[in-house]
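S.K.: Predicted model, plus sequence, below.
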Amino acid sequence: MNALQTELKQRIDNDGVSIRAFAKQVGLSRTTLARKLSGESDFTLGELATISAALGYKTPSRLMAEAEARTEEAA
């Protein structure tokens, strides 16, 4: 699991939202989001932009940078 997948799972869990509800919020099916979170398929830039906005980030790169920073802190 990469830093982005870990960060997204934690954010979804911390916000107390189900995978199904978050998937609906960002315009994905529950199955598609679950596959992307497990690493079976990759996120597109468009999906990352939508997810980033839903989580309050201005750009996907800010979400990615925070995910990587948290991973480095945890190591």
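M.R.: Received, thanks.

S.K.: CA-only coordinates of stretch 36-50 in CSV, if you can.
M.R.: The C-alpha trace of stretch 36-50 is given here as CSV (Å, rounded to 0.1, in the frame of the first residue of the first chain):
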residue,chain,number,x,y,z
LYS,A,36,-8.1,1.9,-6.0
LEU,A,37,-7.5,2.0,-2.2
SER,A,38,-6.3,-1.6,-2.2
GLY,A,39,-3.9,-0.9,-5.1
GLU,A,40,-5.7,-3.1,-7.7
SER,A,41,-6.0,-0.1,-10.0
ASP,A,42,-4.6,3.4,-10.0
PHE,A,43,-6.3,6.8,-9.4
THR,A,44,-6.6,9.0,-12.5
LEU,A,45,-5.5,12.7,-12.1
GLY,A,46,-9.2,13.7,-12.4
GLU,A,47,-10.2,11.4,-9.6
LEU,A,48,-7.4,12.7,-7.5
ALA,A,49,-8.5,16.3,-8.2
THR,A,50,-12.0,15.5,-7.1
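
S.K.: low-scoring stretches of the protein, by residue?
M.R.: 1 (pLDDT under 70).

S.K.: Quick one: list the elements packing against the host helix or strand of M64.
M.R.: Using DSSP states H and E, M64 sits within helix 60-74. Where contact means 3 or more C-beta pairs under 8 Å, 6 or more residues apart in numbering; DSSP states H and E, helix 60-74 is packed against helix 3-14, helix 45-54. Placement of C-beta: from N, CA and C, glycine included.

S.K.: so how far is that helix off the chain centroid?
M.R.: The chain centroid and the centroid of helix 60-74 are separated by 11 Å under C-alpha atoms, centre = their mean, to the nearest Å.

S.K.: can you check stretch 34-43 too?
M.R.: On C-alpha atoms, centre = their mean, the centre of stretch 34-43 falls 10 Å from the chain's centre.

S.K.: How many residues are close by the residue nearest to M64 when sequence neighbours are not counted?
M.R.: Spatial nearest neighbour of M64, excluding adjacent residues (C-beta to C-beta, 6 or more residues apart in numbering): L4 at 6.1 Å. Neighbourhood size, L4 [other C-beta atoms under 10 Å]: 22.
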